[in-house]
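Asks: Just a sequence and a predicted model for now, questions to come.
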Amino acid sequence: MKEPTSSQLANRPGMSSRWHPGQLLFVGFSGEVVPPDLAELIRAGRIGGVVVFRRNVRDPDQVRWLVAELHSLAPPDAPLVVALDQEGGRVQRLRAPWTEWPPMRQLGARSPEDTARFARALAVELRDCGFDLDFAPVVDVDSNPDNPVIGDRSFASTPARVSAHARAFVAALQAEGVAACAKHFPGHGDTDLDSHLALPSLDLDLVRLREIELPPFRAAIEAGVASVMTAHVVFPRLDAKRPATLSPDVMAMLRHELGFDGVVFSDDIEMRALADHWSSRECSVGVLEAGVDSILVCSDARLRDEVLAHLEAAPDALVERPLERMQQLKSRYAGGRYASGGGPPYAEHQALAARIRGEEAVAATHDPTERV
């Protein structure tokens with residue numbers, strides 16, 4: 001007997017929207033208002049989350065309205081996750097009048113207690129806007145000075161220091177009601193290529209990975225991190241052909257060796273590390289087959305619709321466990337659990353950022369994650 005597809009199961013009369021395979025798809029869009037086609041997908045429970053970028057941000061009132069509108073569109077049984085990348089330094093979607101935070105490298109030079117203070121303050125600003133998930137912290141170890149995409153986004157160049165700060169960040173952010181995401185598994189810190197633009201490869205063996213790259217992820221998991229994001233990086237000693245995002249062998253290391261059973265997000269599949277080499281089906285069904293739960297399509301509506309069609313045609317057995325994990329995350333974090341922080345500017349947070357920054361100015365460098 002032919003196995004039913006997930007779309008057939010999701011469309012049965014009375015079937016909850018929470019079990020629709022589109023709940024595994026997180027998307028971005030252009031502009032400062034929700035596009036009608038995206039609004040309709042959210043209403044139908046066919047999108048699990050939306051990622052906000054700088055291109056969607058004008059001012060605090062507009063952001064609050066936008067995030068509230070996104071949440072209001074979702075079915076009651078399938079609340080939306082509204083996410084963003086608010087790391088500090090080069091990568092922060094909310095800038096002045098919100099607090100402009102220094103890069104993680106400056107936090108890593110201080111105590112983990114300062115990182116916890118930062119994460120608590122950050123969570124206040126995010127919850128004030130209605131955000132549910134921050135794709136942070138970067139827990140890659142800054143082990144290659146020629147790395148064009150990680151660098152000062154990392155806490156430090158040693159796994160022990162990155163681990164201590166990752167643990168503090170995750171615990172503090174999530175204690176304030178915002179889900180964290182440790183990225184980019186199993187490690188993007190030693191590459192000399194930017195995976196937004198090309199496909200990096202790291203010829204590292206398990207001994208090296210266990211000594212340098214994996215300890216910060218283990219620390220984040222021990223701190224209860226809600227999610228992990230993959231790296232579009234090939235590790236040929238683990239999988240000669242596929243990057244971590246598409247590799248069952250790499251994902252098995254996260255699931256079994258590190259024991260992580262939360263949501264695993266792909267990095268954006270529009271990034272050229274994947275888009276130049278694999279089809280939309282391989283970047284959706286293949287991602288799930290590898291052991292990843294949720295797929296990011298951060299700008300392209302055509303690709304979004306292709307991925308959604310692939311998910312809806314997938315066997316139910318492929319999406320069942322990822323959907324369970326997604327609903328566990330949503331039960332704790334989704335739906336815009338607002339907590340008013342009074343709105344920007346936040347004088348205490350700005351003072352904290354200034355103390356962390358010290359004498360060092362934050363350079364106005366380009367954000368590599370806004371290219372797609």
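Replies: Looks like it arrived, so ask away.
Asks: Just give the number of residues close to Glu32.
Replies: 14 (other CB atoms under 10 Å). Every C-beta, even on glycine, is put in place using the N, C-alpha and C of the backbone.
Asks: What does the nearest residue to His310 once chain neighbours are set aside show for phi and psi?
Replies: The shortest distance from His310 to any residue other than its chain neighbours is 4.2 Å, reached at Ser284 (CB to CB, 6 or more residues apart in numbering). Torsion angles at Ser284 (phi, psi; degrees, to the nearest 10) stand at phi -120, psi -70.
Asks: how near is Ser284 to Pro200?
Replies: Plainly put, Ser284 is 22 Å away from Pro200 if you go by CB to CB, to the nearest Å.
Asks: So these two - more neighbours on which side?
Replies: Ser284 (28 against 22).
Asks: I'd assumed Ile295 was in contact with the more buried one.
Replies: Yes - using CB atoms under 8 Å, Ser284 is in contact with Ile295, at 5.6 Å.
Asks: where do the contact lists of those two overlap?
Replies: 269, 307, 311 (CB atoms under 8 Å, 6 or more residues apart in numbering).
Asks: What sits closest to the last one if chain neighbours are left out?
Replies: Spelled out, it's Leu311. According to CB to CB, 6+ apart, the nearest residue to Leu311 is Pro21 (4.1 Å).
Asks: Compute the number of surrounding residues for that neighbour.
Replies: For Pro21, using other CB under 10 Å, the count is 27.
Asks: Below-threshold pLDDT in the chain: ranges please.
Replies: The model of the chain has pLDDT under 70 over residues 1-15, 339, 341, 359-366, 371-372.
Asks: Tell me if I am right that Arg120 is in a strand.
Replies: No - per DSSP: H, G, I helix; E, B strand; the rest coil, Arg120 lies outside any strand segment and is helix.
Asks: Quick check, it in contact with Glu176.
Replies: Yes - between Arg120 and Glu176 a contact is recorded at 5.5 Å, counting by CB under 8 Å.
Asks: Neighbour count for these two, which is higher?
Replies: Arg120 (18 against 15).
Asks: Contact partners for the more buried one?
Replies: Taking CB under 8 Å, 6+ apart, one finds 172-173, 175-176 in contact with Arg120.
Asks: and if you look at Ser30?
Replies: Contacts of Ser30 by CB under 8 Å, 6+ apart are 55-56, 299.
Asks: redo that, cut-off 10 Å
Replies: 53, 55-56, 299-301 (CB atoms under 10 Å, 6 or more residues apart in numbering).
Asks: Please report how far the closest residue to Pro145 other than its chain neighbours lies from Leu209.
Replies: Using CB to CB, 6+ apart and skipping the chain neighbours, the partner closest in space to Pro145 is Gly151 (8.0 Å). Noted for Gly151: a distance of 20 Å to Leu209, by CB to CB.
Asks: repeat for Ala353
Replies: Distance of Ala353 to Leu209, given as CB to CB: 34 Å.
Asks: For the stretch 251-372 of the chain, just list every one of the strands.
Replies: 263-268, 294-297 (DSSP state E, counting those that start in this stretch).
Asks: who wins for proximity to Arg46 among those?
Replies: strand 294-297 (12.9 Å; CB to CB).
Asks: how far is that closest one from where the chain is centred?
Replies: Remark: strand 294-297 is offset 9 Å from the chain centroid, using CA atoms, centre = their mean, to the nearest Å.
Asks: again, but for stretch 334-344
Replies: 20 Å.
Asks: ditto for stretch 141-157
Replies: Distance, centroid of stretch 141-157 to centroid of chain: 18 Å (CA atoms, centre = their mean).
Asks: Would you indicate which residues of it are buried?
Replies: 141-144, 147-157 (16 or more other CB atoms under 10 Å).
Asks: repeat for stretch 76-86
Replies: Those would be 78-86, for stretch 76-86 by 16+ other CB under 10 Å.
Asks: where along the stretch 151-300 of the chain do the helices fall?
Replies: For the stretch 151-300 of the chain, helices defined by DSSP state H, counting those that start in this stretch occupy the ranges 159-175, 206-208, 214-222, 248-252, 272-275, 285-290.
Asks: What is the neighbour count of the nearest residue to Leu318 once chain neighbours are set aside?
Replies: Of all residues not flanking Leu318 in the chain, Leu288 sits nearest, at 5.2 Å (CB to CB, 6+ apart). Neighbour count for Leu288, taken as other CB under 10 Å: 22.
Asks: Contacts only, for Leu288.
Replies: Here Leu288 is in contact with 21, 24, 266, 294-295, 310-311, 314-315, 318-319, 321-322 (CB under 10 Å, 6+ apart).
Asks: hmm, 8 Å instead?
Replies: Leu288 makes contact with 24, 295, 311, 314, 318-319, 322, according to CB under 8 Å, 6+ apart.
Asks: Now the buried members of the residues you listed.
Replies: The buried subset of those - by 16+ other CB under 10 Å - is 24, 295, 311, 314, 318-319, 322.
Asks: from the residues you listed, which two are the most distant?
Replies: Ile295 and Leu318 (12.4 Å).
Asks: rewinding a little: ok, so of the shared contacts of Ser284 and Ile295, who is nearest Met251?
Replies: Using CB to CB, these come closest to Met251 at Ile269, 15.3 Å.
Asks: on that earlier part again, same list, the shared contacts of Ser284 and Ile295, but as TSV with distance to Ala68 please.
Replies: Output for these, formatted as TSV (distance: CB to CB, whole Å):
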residue	distance to Ala68
Ile269	28
Val307	26
Leu311	27
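Asks: host element of the nearest residue to Val33 once chain neighbours are set aside?
Replies: Spatially, and ignoring its direct neighbours in sequence, Val33 is nearest to Leu66 (7.1 Å; CB to CB, 6+ apart). Leu66 is part of helix 60-73 when elements are defined by DSSP states H and E.
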